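K.L.:
attaching a predicted model along with its sequence, questions to come.
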Amino acid sequence: MTLEATVSMGWVNTVIDAAKNLGVPENLLLETAGLPAGALSLERWPIDFITRLWHAAEQCTRDPGFGLKVGAGVRPASIDAVSFAMQSAATLREAITLVQKYQRLISDGGRFQMIPGSMGTWIVYHPRQGRLAFSPHQIEAVLSAVVSLTDWIAGSAVGPVRVQFSQARLGPLSGYREVFGCPVEFEQAFSGVLIDNSVLDQRLPQADPQLAQVHERYTTARLAALSINSASVPEIRRWLTARIGPVLPRRTDAAEALGISERSLARRLHEQGQTFDGLVDDVRREKALQAVADSTSSLPEIAEALGFAEVSTFYRAFRRWTGMPPVRWRKQNTVLL
């Protein structure tokens with residue numbers, strides 16, 4: 001895992017292409033989203049980037065069925081190497097299990113859960129949004145994509161038994177029926193697709209155990225390469241910046257968020273010439289300088305906001321950072337400002 005959810009460019013391009021098909025130019029979409037120049041050259045996007053893209057697409061297209069159209073337009077390229085592993089799976093259930101296993105390659109902005117029943121199995125989607133609230137179109141796109149991909153893997157229309165969303169309906173009910181071909185309910189306990197067990201467990205015609213092993217080795221290697229790039233100093237610094245407060249984030253919290261041990265986290269930081277405590281100190285210093293320069297906050301308030309139990313402890317830390325007490329530093333920098 002990563003401290004901040006990210007998404008593959010395959011999924012990003014699927015959203016952009018769907019907007020283009022509705023007459024929205026790529027440059028207008030990116031400009032409306034307020035994304036930085038060169039965003040499309042990144043290997044992966046922070047989840048908040050694509051959330052901004054979704055909100056921009058919603059604004060530019062004004063199409064209540066936009067999310068459904070994005071999901072219906074999903075192709076193998078949309079889900080990166082995961083499509084190869086799915087294609088050689090023995091059954092649809094096994095293919096969906098592979099999506100669960102390699103979800104990060106597509107996006108770690110959510111996870112899938114399978115809840116089996118006597119007649120059918122729910123494929124439930126649990127979103128993991130960033131600082132920005134997801135557009136409801138994002139959720140609709142995911143469930144629409146589940147149906148598109150299962151149809152693609154099976155080679156024919158699978159036809160879910162039922163679909164439900166935890167959110168309210170966005171457009172005409174006919175649009176949902178056209179995409180899912182089954183009853184659709186809204187404002188339910190969870191968002192998911194119910195598929196008959198006999199469909200999930202039917203052997204797929206293109207199943208190939210030997211090819212499946214090749215694809216799984218390749219996909220596992222891709223996932224491992226992505227994991228190596230996690231726990232980077234910039235990533236942890238951003239995570240700390242968002243969480244430094246009266247209660248300081250702990251190394252165990254960061255390790256748990258990354259899905260690795262504390263020892264592994266310490267080792268990866270050591271390889272980059274850093275320690276977790278050192279990064280916490282750096283981020284507190286940056287926040288302290290910003291807060292002290294802002295004369296609207298009292299020093300005891302700043303100390304508490306940065307997790308210092310005593311004001312005197314904050315004073316000592318500030319002197320260590322700047323070589324002078326905060327009152328004098330504030331006066332000097334207020335003059336400079």
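P.N.:
Received, thanks. Numbering: from 1, shown residues only.
K.L.:
if I look at the most centrally placed residue in the chain, how far off is Ala5?
P.N.:
By CA atoms, centre = their mean, the mean C-alpha position of the chain lies nearest to Gly109, the distance being 2.3 Å. Gly109 sits 4 Å away from Ala5, going by CB to CB, to the nearest Å. C-beta coordinates here come from the backbone N, C-alpha and C atoms, glycine included.
K.L.:
intersection of neighbour lists for those two?
P.N.:
Listed as contacting both Gly109 and Ala5 by CB atoms under 8 Å, 6 or more residues apart in numbering are Ile47, Arg128, Gln129, Gly130.
K.L.:
helix, strand or coil for Ser297?
P.N.:
Going by DSSP: H, G, I helix; E, B strand; the rest coil, the secondary structure assigned to Ser297 is coil.
K.L.:
tell me the confidence at it?
P.N.:
Turning to Ser297, the model gives it a pLDDT of 83.
K.L.:
now swap in Gly259 and tell me
P.N.:
The model's pLDDT for Gly259 equals 66.
K.L.:
contact partners for Trp239?
P.N.:
Listed by CB under 8 Å, 6+ apart, the contact partners of Trp239 are Leu3, Glu4, Pro249, Ala254, Ala257.
K.L.:
which of the shared contacts of Gly109 and Ala5 has the largest number of neighbours?
P.N.:
Most neighbours among those, by other CB atoms under 10 Å: Ile47, with 25 neighbours.
K.L.:
apart from its neighbours in sequence, what residue is nearest it?
P.N.:
By the measure of CB to CB, 6 or more residues apart in numbering, the closest residue to Ile47 outside its immediate chain neighbours is Ala5, 3.8 Å from it.
K.L.:
was I right about that neighbour contacting Phe49?
P.N.:
No - applying CB atoms under 8 Å, one finds Ala5 not in contact with Phe49, separated by 10.5 Å.
K.L.:
what residues does stretch 38-49 touch?
P.N.:
Contacts made with stretch 38-49 from outside it, assessed by CB under 8 Å, 6+ apart, are listed as 4-9, 12, 30, 33, 35, 107-109, 128-132.
K.L.:
now stretch 189-202: how far from the chain's centre is it?
P.N.:
Offset of stretch 189-202 from its chain centre (CA atoms, centre = their mean, to the nearest Å): 24 Å.
K.L.:
got a winner among the contacts of Trp239 for most neighbours?
P.N.:
Ala254 (23 neighbours).
K.L.:
could you report the pLDDT at it?
P.N.:
You'll see Ala254 listed with a pLDDT of 85.
K.L.:
that one and Leu269, how far apart?
P.N.:
For Ala254, the distance to Leu269 equals 10 Å [CB to CB].
K.L.:
and for Ala77?
P.N.:
Applying CB to CB, one obtains 35 Å for the distance of Ala77 from Leu269.
K.L.:
cool, Val82 as well?
P.N.:
Taking CB to CB as the measure, Val82 falls 30 Å from Leu269.
K.L.:
neighbour count for those two, which is higher?
P.N.:
The residue with the greater number of neighbours, taking Val82 and Leu269 and applying other CB under 10 Å, is Val82; the counts read 26 against 21.
K.L.:
all strands for this protein, in order.
P.N.:
Assigned by DSSP state E, the strands in the chain fall at 6-8, 44-46, 110-116, 120-127, 162-164, 184-185, 191-196.
K.L.:
contact partners of the shortest one?
P.N.:
Applying CB under 8 Å, 6+ apart, the set of residues contacting strand 184-185 from outside is Arg162, Val163, Gln164, Phe165, Leu173, Tyr176, Arg177.
K.L.:
what does the first one give?
P.N.:
Strand 6-8 is touched from outside by 44-47, 49-50, 79-80, 105-109, with contacts defined as CB under 8 Å, 6+ apart.
K.L.:
compare the residues you listed and tell me which is most surrounded.
P.N.:
Among the contacts of strand 6-8, the one with the most neighbours (other CB under 10 Å) is Ile50, at 28 neighbours.
K.L.:
surely that residue touches Val12?
P.N.:
Yes - here Ile50 lies in contact with Val12, judged by CB under 8 Å, at a distance of 5.8 Å.
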